[in-house]
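**Student:** For reference, the sequence and a predicted model appear below.
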Amino acid sequence: MGITSAWSITAHDDAFVASLAPRLLPLIAADRDAPGARARWERWQREPLPDFRTWWEPFGSSGGAEADALDSFHQLTLAGDHVQKLYDGLGQGQGDTFSLFTDVWDRVEGEEDIFLSVQSKEFALRAFLHATGPRRASLLPGWCGCFLLTSGQVRATLPAVERALGFTPRERAEADDQDWLFYGDGEESVLDGPLRMWRQAAADGRGLCGASVIIY
C-alpha cells in the first residue's frame, strides 16, 4: 500500500508566523536532532548520489556502499516524525485540534500564496533535493524543506535562496533531468515553486512556512 506525500510552502503575515512558531519550530528542531539525521545529511553532502535512473540497477563492485548511501538519502528525505505531527494533529487526544491542513493550508486565500506538490508513492522533497544537489541545498534555511521564517528572515535569506535555485539554462536542464516527478498541465515544478514563493514573500513583506508530510 503506497503513501501520498505533500511538500508545501505557504506565505503568511508575521503575526501568524509568531503564533505558529511555538508549535512548529520545536518539531523542526526535533527532526533535525533525531538520531542519525545530521549524519545522513552530512553523508549526502560528502557523497552526492548518481543519476536517479541508476538507483534501481545492480551496483558495481562498490555496490554495498552505494546502496547504503541511497538508503541513507531515502531515510533523510522521508517526512520527519515530529513535523508529521503538525499534519496528524498535535493534540493527540488532549484537546488541541490544530493541524497543518485546517490551520495553515486552509488559511491561504490566494493561489499565489501557496506552493503545494502532492505526490503518490513519492516525496516531492526527495526529488527537489536530488535535482538541486547538496551544494545548493546547503544554502537553504531550515531542515530538509521544513522551515518557519518571519518577513525579515525571508528578505535576509533571499540572496542565498537565489544562489541555490537560480539556474543558467544549462544548469536548469541538468536539474530538470534529475527531477523524476510527473507534472500535470499547469502544475508547478519543485524547481520553480520555492523560489517564486521566496521572491513574492520578500516583495510583499510576508513570512514563509515550509513542511513536508505524509497526508495518507
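**Tutor:** Received it, and whenever you're ready, just let me know what you need.

**Student:** Please work out which helix or strand belonging to this protein has the smallest mean pLDDT.
**Tutor:** For the chain, using mean pLDDT, DSSP states H and E, the weakest element among its helices and strands is helix 63-76, scoring a mean of 86.

**Student:** Quick check: next helix or strand after it?
**Tutor:** Next helix or strand after helix 63-76 toward the C-terminus (DSSP states H and E): helix 84-88.

**Student:** picking that back up, which secondary structure elements does the least confident helix or strand of the chain contact?
**Tutor:** Judged by 3 or more CB pairs under 8 Å, 6 or more residues apart in numbering; DSSP states H and E, helix 63-76 is in contact with helix 37-46, helix 124-132. Yep, even glycine has a C-beta here, placed from its N, CA and C like the rest.

**Student:** Val17: which of those is closest?
**Tutor:** helix 124-132 (20.9 Å; CB to CB).

**Student:** and the residue nearest the centre of the chain, what does it touch?
**Tutor:** Residue closest to the average C-alpha location in the chain (CA atoms, centre = their mean): Gly145, at 2.5 Å. When contacts are counted by CB atoms under 8 Å, 6 or more residues apart in numbering, Gly145 touches Trp7, Leu125, Phe128, Leu129, Gly210, Ala211, Ser212.

**Student:** how about these, which pair is most distant?
**Tutor:** Largest separation among those by CB to CB: Leu129 and Ala211, giving 14.9 Å.
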